[in-house]
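Novice: Predicted model follows, preceded by the sequence.
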Amino acid sequence: MGWAGGSLLGTWPQRRGENGLCFGEGRRKSGEKKRKIPRSGFSKRLGGTFPWFGLDIGGTLVKLVYFEPKDITAEEEEEEVENLKSIRKYLTSNVAYGSAGVRDVHLELKELTLCARKGNLHFIRFPTHDMPAFIHMGSEKHFSSLHTTLCATGGGAYKFEQDFRTMGDLQLCKLDELDCLVRGVLYIDSVGFNGHSECYYFENPTDAERCQKLPFNLENPYPLLLVNIGSGVSILAVYSKDNYKRVTGTSLGGGTFFGLCCLLTGCSTFEEALEMASHGDSTKVDKLVRDIYGGDYERFGLPGWAVASSFGNMMSKEKRESVSKEDLARATLVTITNNIGSIARMCALNENINRVVFVGNFLRINTISMRLLAYALDYWSKGQLKALFLEHEGYFGAVGALLGLLDSA
Amino acid sequence: MAERGGRGAHGSLDKSITLPPHEIFRNLENAKRFAIDIGGSLTKLAYYSTVQHKVARVRSFDHSGKDLEHEPLYEITVQEEITARLHFIKFENTYIETCLDFIKDHLVNTETKVIKATGGVFAYQKDSDTEFRFQTNHPNIFPYLLVNIGSGVSIVKVETEDKFEWIGGSSIGGGTFWGLGALLTKTKKFDELLQLASKGQHTNVDMLVKDVYGGAYQTLGLSGNLIASSFGKSTTADKEFSKEDMAKSLLHMISNDIGQLACLYAKLHNLDKIYFGGFFIRGHPVTMRTITYSINFFSKGEVQALFLRHEGYLGAIGAFLKGAEQDNPNQYSWGENYAGSSGLMSTSPDVFPMQRTRSGTFDMFEMDRLERPLVNLPLLKDPSTYIPDTVDLTDDAMARKYWLTCFEEALDGVAKRAAASQPDSVDAPERAEKFRHKYWNKLQTLRQQPFAYGTLTVRSLLDTREHCLNEFNFPDPYSKVKQKENGIALKCFQSVIESLDSLGWEERQFALVKGLLAGNVFDWGAKAVSDQWLERLKGPPHKCALIFADNSGIDIILGVFPFVRELLSRGTEVILACNSGPALNDVTYSESLIVTERIAAMDPVIQSALREEKLMLVQTGSSSPCLDLSRLDKGLAVLVRERATDLVIIEGMGRAIHTNYYAALNCESLKLAVIKNSWLADRLGGKIFSVIFKYEVPCK
């Protein structure tokens, strides 16, 4: 994990003699042929100079969106500097960067029109602990010479600002993460996902057999409760494009799931933790209502399957010895997810909002949590609340930052 | 009996803990009703029982034709009395087998006993808020949110005593802390986990806002020290984390989560008070602190987090009281028996290990029934904010040290006096020693854990001592002393009255006040205030005065009665309130009846006042040397209202200084005492044997 001995992003792009740049260890998308990239120059049009990036530096992950212009004119191509070209080529021709940087190809938005430019929007993520290497690379490659503005949001925009300035000679344009989040969500939802719906929900969430993922039309989105599950959780009530408030937040988020899983199972990646969870049985770890009452607790309308005490069975030594790592991972996932569902539900009731949109990278490849959230919201609200999800899960902050860049130009 | 206890101790149980079932399940043989609640991790049981104990009674002799000079004033007898007592006991499920064996053995052959199992985690029944139900009378307590943190969390909205509703819950509770904590730290015991937590640094494990932002999140005003992601730094397999740090992080995570959910529920239901209970909270300053912090944070100070001393019995008490519905709760009131209740224990096992082992494992809570309802004094200015006690010794470490030492030093004397009060009893010295031992242990517990029995005050120290004396059948160690002093004082009554009557008006008023103060001389401060009192006496007479009497003997007979006489002669009616039960050398209601009868025989003013019901004797409902104006006999309150009482006189250190020094009333009041304690005199800025004379007039 991480990148051993220097960095992978550090190897992007490397100058090799007169040839300009080569692309180091960047992994190529399998089967893709190296193709000639049209030359392009500075964009003097709307939106300012390329490259267009939006950066969201979170507690665990850095999310980077990159707009690849596809309508570059001959004149522009003439003017495009080597550096810029190499960046474009490096980012668009690889799907993985070093050991931990990933481009989520399946999320790419094609033929998007942004500030009157046509192009593709790419979604890239890498761990926050690789930020120093990222900045170092930017500095080595004279990113500052491109005279572009780097718009960044998330806590890291503040934390690493000094490093960007001193190491990379780059002045960050810092944007508020919640502003960016809201903006990103509304924007991506409005442009759709390559002709499909960005937003979806689970029909019949309480019925395992009949439960299915279906598109949801979020045409008139307000008001909505936006629950962003990153390392921690922020919950916003959004009333209009410019009117939202942060309702609350909780420190029990994706970081808690992953952190506890590392401690309990010795796993080392989020993917590994989720994989384990998918094979585990949380009911061995949790104490259910039926474990205490032998069935439903009708007095309070509690079904027997409801969790009475998360990890409650682990008070007993025998049971501690009989559970597997997979069971523990599953219980951790269920505990954190249910808790977020519970807090979200209470916020929705307090704010009198019945649509709850869950976003954030905790939900990436995490169908268990999404279905659980859908189920929990539907069940405990007796069908009054609807859990909605967005395809671009954790990238909305970065998208918002990119949109911020286009404003500023 | 010892054998049975032994069997329990050496059965399948952890041998390091000696189980003394006879001590824990006190009084089980007499149980009238019994309820048990076997929860996820703890078993709670409640039983309603009766205790037979000795009480001292006084009875006036038939004096006709007797030699009044040589006969004692009245007869003192010790009688057996039966008091109803509620027992609540709680222990970890590990001990359930032995406990159930014991219970079975002791509950046989009684048809009225029923075992009910209610289940634990989400159990809640009406009237389960013990502290409120039994202890305080604050009228504006409703509505409130009750959050019980057992293995899981249940949230109940309580609107009135009869109206409550389970509105939600959470699975992240005490069981999560315990279970997850055991997995992370390999520490098996709940208390030990908490102890680990209190030594840890959560910042090593949690991702803070400043870890993400480098500082605070200014836009939202989130401090850099806030937790952004619990366990957010442990997202690595490469690093080892200390048990202490993980336990601390877990504690914060769970406390914050519960606090947040509680606030969300409070907001939804528009409630501003949350009572927390359950084993997660009980007696653990660490969890009380983290929960309070969380509530303050999430509610921005709009919601108040409150804790109960004897919580965790919710299911058992509820089930129990359900079975007791045929009783009319308005006919009596309950008071805690400090002698039988175990205190909250420290989370640190190195503190006072002997007592801890037992009480930390077995929690006991006893309440005695008083066969009369207790209510607020109608003249209290603001009953909801009234606090009887002047100094909170839980907060004031210096005062605490002083008073604990004081009570320790006095203990041998008290024990000796108790033994001496029963010269005819062979086992009196042995019982006195048991009393000494028990009270000494309570004092030591309080040294380590000042909040062990709730807010520590001079009053609670005094009350606990009385309860311990009663426990060992010393119902009234001062009875003979009081009898003798009352006899002597009565003999002087007439001459005192004569000399007072010979004085001029102003002189007499001074002399009367001096008499109330047991003859002590005013210093200049008290003099200045007493001048105001004198001025007031020149005005119209009070309609009715309520006097809380203090000591037997000279104090009541030669101090209070002449003063009463003067008030009566001014046209003021007088309600004389004395304790229902004995405490130190305070005059009891029964003694006051005899004394008054004897005075009336000598003094026509008193006699006619009694006959015309201008002088009325009532009992306070209390057996404490202090005075709680929010728990008074209902008869007294009724009379106070009927007679439109407009003057309250409180005398004595216990009633006017340790308690009620700051009590605000709706009418004029006199608070009088002699400081018989140099440390206290220092504190109050005076000298020993100086006088407190507070004449207070309510602001219009």
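Specialist: That came through, no problem.
Novice: can you pull the contacts of B:V458?
Specialist: By C-beta atoms under 8 Å, 6 or more residues apart in numbering or on different chains, B:V458 lies in contact with B:389-391, B:393, B:403, B:626, B:654, B:658-659. Heads up, the C-betas are built off the backbone N, CA and C, glycines and all.
Novice: quick one: the helices in the stretch 501-650 of chain B?
Specialist: Using DSSP state H, counting those that start in this stretch, the helices found in the stretch 501-650 of chain B span residues B:505-516, B:524-537, B:554, B:561-569, B:589-602, B:604-611, B:634-642.
Novice: Can you tell me which of the ones you listed is most buried?
Specialist: The highest average neighbour count among the helices of the stretch 501-650 of chain B, using mean count of other C-beta atoms under 10 Å in any protein chain shown, belongs to helix B:561-569 at a mean of 22.
Novice: Quick check: the gap between B:K438 and B:F25.
Specialist: As judged by C-beta to C-beta, to the nearest Å, B:K438 and B:F25 stand 18 Å apart.
Novice: if we can go back for a sec, to B:L45, which of the helices of the stretch 501-650 of chain B lies closest?
Specialist: Closest of the helices of the stretch 501-650 of chain B to B:L45 is helix B:634-642, at 31.6 Å (criterion: C-beta to C-beta).
Novice: What helices and strands are in contact with the closest one?
Specialist: Helices and strands touching helix B:634-642, by 3 or more C-beta pairs under 8 Å, 6 or more residues apart in numbering or on different chains; DSSP states H and E, are strand B:374-375, strand B:544-548, strand B:573-578, strand B:615-619.
Novice: mind checking which of those is nearest B:L684?
Specialist: Taking the helices and strands packed on helix B:634-642 one by one with C-beta to C-beta, strand B:544-548 is closest: 20.2 Å.
Novice: Tell me the strands beside the closest one, with direction?
Specialist: Strand B:544-548 has the following sheet partners, assigned by DSSP bridges: strand B:573-578 (parallel), strand B:647-651 (parallel).
Novice: Alpha carbons of that strand, as CSV, please.
Specialist: Below are the C-alpha coordinates for strand B:544-548, written out as CSV (Å, rounded to 0.1, in the frame of the first residue of the first chain):
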residue,chain,number,x,y,z
CYS,B,544,-48.8,33.5,61.7
ALA,B,545,-45.3,32.3,62.5
LEU,B,546,-43.9,29.0,61.6
ILE,B,547,-41.0,27.9,63.8
PHE,B,548,-38.7,25.0,63.1
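Novice: Now do the strands in the stretch 251-400 of chain A.
Specialist: When assigned using DSSP state E, counting those that start in this stretch, the strands of the stretch 251-400 of chain A occupy the ranges A:287-288, A:307-309, A:355-359, A:386-390.
Novice: re earlier: least reliable of the helices of the stretch 501-650 of chain B going by mean pLDDT?
Specialist: Note on these: helix B:524-537 shows the lowest mean pLDDT, a mean of 74.
Novice: any idea how far stretch A:176-188 is from the chain center?
Specialist: How far stretch A:176-188 lies from its chain's middle: 12 Å, per C-alpha atoms, centre = their mean, to the nearest Å.
Novice: Do any residues in that stretch lie close to chain B?
Specialist: Yes: among the residues of stretch A:176-188, A:176, A:178 lie within reach of chain B under C-beta under 8 Å from any C-beta of the partner chain.
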